[in-house]
Structure formats: structure tokens, C-alpha cells
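My questions are about this predicted structure, shown below with the sequence.
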Amino acid sequence: MGSEGPKAVVIHVTGFKRFQGVAQNPTETIVNNLKDFVERRGLAAGVTLGSCTILETAGDGALPMLIKTMEAGISTSNANEQVVWLHLGVNSGATKFAIERQAINEATFRCPDELGWQPQQQPIVPEDGGTSQGRETCLSIETILKLLKNKDYDVIISDDAGRFVCNYVYYHSLRYAEEKGHKSLFVHVPLFSRINEETQMSFVASLLEAIAATC
């Protein structure tokens with residue numbers, strides 16, 4: 001029997017709706033328009049854009065949709081595919097893109113989420129231990145960073161995704177991905193007033209290819 005070739009990489013992408021203080025969430029626009037954008041632009045061989053889903057900007061309220069979306073990704077995948085979950089969130093004070101290395105098992109929401117929940121110093125998954133526990137992505141984010149910098153994107157690696165909904169979703173995604181043999185990554189983007197929409201769309205398409213190159 002000959003050796004198997006590299007697996008095809010299928011990347012499912014999520015973004016968020018508006019939330020307190022951010023009337024227009026750029027990730028909602030990016031994810032809603034991403035399929036059309038990559039169809040026009042094209043992607044490198046071996047990488048496919050899977051589902052594009054907008055989540056409620058809420059913790060427990062967004063969890064059923066997140067799990068449903070991830071389970072649907074399993075049902076449509078096969079053994080010859082590497083499944084990756086890419087979650088996009090906005091950092092309204094940022095001027096650069098930020099690749100998040102990890103999520104922490106702590107929900108401390110600075111304000112109520114869009115469904116009115118505001119936990120404080122609460123473990124996201126109590127059976128995982130206390131609020132100091134963390135989970136890291138298994139993707140080579142240093143390689144992803146290098147590939148994106150080579151295309152002149154202003155991007156950094158971050159070790160702190162906050163304790164709000166972004167971190168909450170990322171922690172659940174990392175946990176779920178580990179159980180299913182998938183990979184997960186969270187990336188924060190700035191507002192469109194800091195980096196325009198066209199540049200952000202191009203960045204995300206390049207990010208898909210950089211992720212696939214590391215799988």
C-alpha cells in the first residue's frame with residue numbers, strides 16, 4: 001500500500017453579532033461575505049472554506065448554536081479531511097490583528113452579554129478545574145504569524161483573549177476540538193474604522209491559507 005497524501009483542510013468560520021458598545025461588529029460582515037469573497041479571489045489548493053456561522057454575542061446563550069455548528073461540521077467531514085474551527089471576534093480598541101494562543105477557564109464578563117448574563121470569576125467548565133486552567137491551540141501560530149507578516153499584514157500573537165464571550169467560546173471550541181481530533185483558533189480583528197473592510201476580507205482569506213499550510 002502506498003502512503004497517504006496530505007489531508008485536505010476544511011476550515012469552518014464563525015463571527016459574532018453586535019454587542020454593547022459595538023453597533024456594527026466587523027466579524028458579522030466578514031463572515032457573511034466570506035464565501036462570495038473567496039469564490040472571487042480563490043484559495044490555495046488543499047484548503048476549503050466550510051460553514052460560515054454568526055453566533056449571538058452571549059456565553060451560555062451562544063453555546064447551543066456553537067455546538068450544533070461544530071457537530072454539523074463532523075457530520076459532513078470524512079477521514080481524509082483535517083477540520084479546523086476559526087473563530088473571529090472584534091477588539092474595538094485594537095489597531096492590529098491578534099492571533100490568540102489560548103483560552104482560560106474563567107468567565108468574568110465586564111458587562112452583561114446580549115442575553116443578559118454576567119458571570120463573575122466562574123469556571124467555564126467546572127469539571128476542568130479552577131479559573132486558572134487554560135487550553136492552548138495546537139496550531140503552529142508562530143508559523144501562521146510569519147506567513148501573514150510576509151504578506152504585510154499588521155498582526156501579533158496574543159496570550160490573553162480576555163474573559164468575555166470571545167474567551168468563553170474559544171475555551172469551549174478548544175475543548176470540543178481536542179475531543180474530536182479537530183483544531184481550533186481564535187483571531188481578534190479591529191473595527192473597520194481602524195482597518196478597512198477590504199483589507200480585513202483579504203486578511204481572513206490569507207489566514208485560511210496560512211492555517212492550512214500549518215496542518
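Cool, got the structure. Every value quoted in this text rests on a predicted model; they were computed, and no experiment measured them.

drop to CA atoms for contacts and neighbour counts, all remaining ones
Will do.

Do a quick rundown of the strands in the chain.
Listed in chain order, the strands of the chain (DSSP state E) span residues 8-16, 47-55, 81-90, 97-100, 102-104, 134-136, 155-158, 183-189.

Kindly reformat those strands as a markdown table and extend each row with mean pLDDT, distance to I195 and mean neighbour count.
Output for the strands of the chain, formatted as a markdown table (pLDDT from 0 to 100; distance: least, CA to CA, whole Å; neighbours: other CA atoms under 10 Å):
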| stretch | mean pLDDT | distance to I195 | mean neighbour count |
| --- | --- | --- | --- |
| strand 8-16 | 95 | 17 | 23 |
| strand 47-55 | 95 | 21 | 20 |
| strand 81-90 | 95 | 12 | 23 |
| strand 97-100 | 98 | 9 | 22 |
| strand 102-104 | 98 | 24 | 24 |
| strand 134-136 | 97 | 27 | 16 |
| strand 155-158 | 98 | 12 | 17 |
| strand 183-189 | 98 | 9 | 25 |
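
among the helices and strands of this protein, which has the poorest mean pLDDT?
When the helices and strands of the chain are scored by mean pLDDT, DSSP states H and E, helix 63-75 comes last with a mean of 83.

Give me the angle between it and strand 8-16.
Orientation of helix 63-75 against strand 8-16 (axes from the mean of the first three to the mean of the last three CA atoms, to 10 degrees) gives an angle of 170 degrees.

Return the set of buried residues in helix 63-75.
Going by neighbour count (16 or more other CA atoms under 10 Å), the buried part of helix 63-75 is L63, L66, T69, M70, G73.

nearest residue to the first one other than its sequence neighbours?
Sequence neighbours aside, V169 is the residue nearest to L63 in space, at 7.4 Å (criterion: CA to CA, 6 or more residues apart in numbering).

what's near enough to touch that neighbour?
Contacts for V169 (CA atoms under 8 Å, 6 or more residues apart in numbering) come out as G59, L63, L66.

now, among the residues you listed, which is nearest to F19?
G59 (12.1 Å; CA to CA).

I'd like the distance from stretch 188-199 to the chain centre, please.
Taking the mean of its C-alpha atoms, stretch 188-199 sits 16 Å from the chain's own mean (CA atoms, centre = their mean, to the nearest Å).

Ok, stretch 160-174 next?
10 Å.

Then stretch 113-133?
So, by CA atoms, centre = their mean, the centroid of stretch 113-133 is 19 Å from its chain's centroid.

what's the answer for stretch 48-61, then?
On CA atoms, centre = their mean, the centre of stretch 48-61 falls 9 Å from that of its chain.

And stretch 205-215, by the same measure?
That offset, for stretch 205-215, works out to 13 Å (CA atoms, centre = their mean).

If you count neighbours, what's buried in that stretch?
A205, S206, L207, L208, E209, A210, I211, A212, A213, C215.

So what touches that stretch?
Contacts of stretch 205-215 (CA under 8 Å, 6+ apart): 9, 11, 38, 43-44, 46-47, 49, 82, 139-140, 143-144, 147-148.

CA atoms of that stretch as CSV?
Taking Å, rounded to 0.1, in the frame of the first residue of the first chain, the C-alpha atoms of stretch 205-215 are listed here in CSV:
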residue,chain,number,x,y,z
ALA,A,205,-8.6,34.7,3.2
SER,A,206,-4.8,34.8,3.7
LEU,A,207,-5.4,33.5,7.2
LEU,A,208,-7.3,30.5,5.9
GLU,A,209,-4.4,29.6,3.6
ALA,A,210,-1.8,30.2,6.4
ILE,A,211,-3.8,27.8,8.7
ALA,A,212,-4.0,25.2,6.0
ALA,A,213,-0.2,25.5,5.4
THR,A,214,0.5,24.5,9.0
CYS,A,215,-1.9,21.5,9.2
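
Fine by me, thanks again.
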